[in-house]
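> from the sequence below, what's the structure:
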Amino acid sequence: MNNSGTVVVAGGAGFLGSHLCRRLLADGHGVVCVDNMSTGRLSNVEDLTASRDFRLIHGDVVEPIDLHGDVEAVCHLASPASPQAYLAHPVETLLAGSAGTRHSLELARKKQACYLLASTSEVYGDPQIHPQPEHYWGHVNPIGPRSVYDEAKRFAEALTTAYLHTHGVDTKIARIFNTYGPGMRADDGRIVSTFIRQAMEGEPITVHGDGRQTRSLCYVEDTVEGLVRLLRSPHHGPVNIGNPRELSVRRIAEMIREVTGSRSSIVSLPRMVDDPQVRCPDIGLAFDILGWAPSTTLEQGLRITADHLAREPAPQLAAAATSQS
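Numbering: from 1, shown residues only. As a prediction, the model looks like this:
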C-alpha cells in the first residue's frame, strides 16, 4: 500500500476506527468511513468531514458494500467491541464478524485492494499459555456469554485466511489487545473508562473477582501505528498488537485513582463468567517484522485519557458494569 490511495474503514466512527481514519488522512490517503453508528459516534469523526479527502457513509457491513472508484485498502473494524456492547447485541456482533467480514472481503477482492482485519486477543480466550504468541490456538468457551465476540472474530480470521488462499486477496490479520485512549465512551463498560469515570465521580471503583486477573493496556496511537505498519507490510499475520506490560486489574484501579487524584474506595464484585485470568501479548513477531513496539507509558496514556473523559458530557447511561476487558 502506498501513501495516497483511498482506504475504506468499516467501523470508522468507532473509538479505534476514528483514530485510524485520522491517521490515514494525515498520511495523505483518501478515507471512506462506513459506519451504522450502533456503537460509533458522529462526534468521533465530525471534524474530519470538513476534509474533501474524507467521506462518511451511514451503512452496515452486514449488507454488501458498493463503492465507485479505486480502493487501495479495506480495513474491517466494524463490530461492537466493549463487553457492554457485545453482550447487549449478541446477534449483531456475530453478524459483523461473519456477514460483515464477507462483504468487506468481497469489496477488497473486487477492487484488488489489500485487506486488514481487526481481530482481537479474545481469540485466545482464557489462555493456558502465557504470554500469548500467535501460534497459540486459544482456550475459548464457544457457548458462553463472551462467545458472541470471541467466535465472531475467530470465524472472521478463518474467512480472511480463506480469501487469501482461495482468491489471492492480500490480507492481514491484527490481533489487538486491550486499547485505551481519548475517544472512549465513559459508559462503554471497559475497565479504563469505567474506572476513570468512577474515580472522577467519587464512586467506588468496582473490580470483579479478586482483582488479581491481569490485563495489558496499549495506548490507542501506539495501536494505530502497529495497524498501519501491518497494512503496509507484506506479512499476512496474524500479528499481536498490544503492550506487553502486564498489570493486575486491581493495580490498574490503583493507578487510575492516583492519576485522577481520587479518594474512591476499591470494592470487589463477583467474578464475571469466563473472565480471562491473564492477558499479555508476545509481541516478538510485531517487533521483528514491523519494527513496532508501543512507546507511550501507561502513566502518560492514563493522564491523557482521564483529561479527555473529564471534558466529555456526562454519560446518558447509568454506571456501567465492567467485565474487566
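
> only C-alpha atoms for contact and neighbour calcs from this point on.
Noted.

> hmm, who's touching stretch 114-122?
Outside of stretch 114-122, the residues within contact range by CA atoms under 8 Å, 6 or more residues apart in numbering are 1, 72-77, 105, 108, 149-150, 153-154, 156-157, 160, 169-178, 231, 240, 279, 281.

> now with 7 Å, please.
Contact with stretch 114-122 is made by 72-77, 108, 150, 153, 169-177, 231, as judged by CA atoms under 7 Å, 6 or more residues apart in numbering.

> out of the residues you listed, list just those in helices.
Secondary structure from DSSP state H places 108, 150, 153, 231 of the contacts of stretch 114-122 in helices.

> which of the residues you listed lies closest to H29?
L231 (13.0 Å; CA to CA).

> residue contacts, the closest one?
Contacts of L231 (CA under 7 Å, 6+ apart): 116, 172.

> picking that back up, check the ones in helices among the contacts of stretch 114-122 and tell me the two furthest apart.
Counting by CA to CA, the most remote pair of the ones in helices among the contacts of stretch 114-122 is A108 and D150, 23.8 Å apart.

> now, which of the ones in helices among the contacts of stretch 114-122 sits nearest F15?
K153 (17.8 Å).

> tell me the confidence at the closest one?
You'll see K153 listed with a pLDDT of 98.

> burial measure for it, as a count.
27 (other CA atoms under 10 Å).

> equivalent analysis for the one 4 residues further on, please.
Other residues near E157 number 25, with proximity taken as other CA under 10 Å.

> surely it is within a helix?
Yes. When classified by DSSP: H, G, I helix; E, B strand; the rest coil, E157 is found to be part of a helix.

> how far away is it from E63?
Per CA to CA, to the nearest Å, E157 is found 19 Å from E63.

> ditto for F177
In terms of CA to CA, F177 sits 28 Å off from E63.

> the more surrounded of these two?
F177 (24 against 14).

> can you pull out the helices in the chain?
Taking DSSP H as the criterion, the chain contains helices spanning 15-26, 42-45, 83-88, 90-97, 99-111, 147-167, 191-200, 220-231, 249-260, 284-290, 298-310.

> just say which of the ones you listed is most tucked in.
helix 191-200 (a mean of 25; mean count of other CA atoms under 10 Å).

> and it, what does it pack onto?
strand 205-208, helix 249-260 (3 or more CA pairs under 7 Å, 6 or more residues apart in numbering; DSSP states H and E).

> for it, the distance to its chain's centre please.
18 Å (CA atoms, centre = their mean, to the nearest Å).

> and if you look at stretch 158-169?
With CA atoms, centre = their mean, you get 22 Å for stretch 158-169.

> how about stretch 101-113?
The answer for stretch 101-113 is 21 Å, by CA atoms, centre = their mean.

> again, but for stretch 300-312
The answer for stretch 300-312 is 18 Å, by CA atoms, centre = their mean.

> output that stretch as PDB, nothing but the C-alphas.
Presented in PDB, the C-alpha positions along stretch 300-312 are these (Å, rounded to 0.1, in the frame of the first residue of the first chain):
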ATOM      1  CA  GLN A 300       1.200   9.100  30.300                       C
ATOM      2  CA  GLY A 301      -1.700   7.400  28.500                       C
ATOM      3  CA  LEU A 302      -4.000   7.300  31.500                       C
ATOM      4  CA  ARG A 303      -3.400  11.000  32.200                       C
ATOM      5  CA  ILE A 304      -4.300  11.900  28.700                       C
ATOM      6  CA  THR A 305      -7.400   9.700  28.700                       C
ATOM      7  CA  ALA A 306      -8.600  11.000  32.100                       C
ATOM      8  CA  ASP A 307      -8.200  14.600  30.900                       C
ATOM      9  CA  HIS A 308     -10.300  13.800  27.800                       C
ATOM     10  CA  LEU A 309     -13.000  12.000  29.700                       C
ATOM     11  CA  ALA A 310     -13.200  14.900  32.100                       C
ATOM     12  CA  ARG A 311     -14.300  17.100  29.200                       C
ATOM     13  CA  GLU A 312     -16.900  14.600  27.900                       C
END
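
> contact partners of it?
So stretch 300-312 is contacted by 181-182, 186, 196, 219, 259-260 (CA under 7 Å, 6+ apart).

> again with stretch 156-173
So stretch 156-173 is contacted by 97-98, 101, 109, 114-119, 230-231, 235-239 (CA under 7 Å, 6+ apart).

> hmm, which helix or strand of the protein has the shakiest average pLDDT?
Lowest on mean pLDDT, DSSP states H and E among the helices and strands of the chain sits helix 83-88, with a mean of 87.

> who are the packing partners of that one?
So helix 83-88, by 3+ CA pairs under 7 Å, 6+ apart, packs with no helix or strand.

> what residues does that helix touch?
Counting by CA under 7 Å, 6+ apart, 80, 93, 145, 149, 188-189, 323 sit against helix 83-88.

> most neighbours, which of those residues?
Going by other CA under 10 Å, Y149 tops the contacts of helix 83-88 with 29 neighbours.

> hmm, it is touching T93, no?
Yes. Counting by CA atoms under 7 Å, T93 is a contact partner of Y149 at 6.2 Å.
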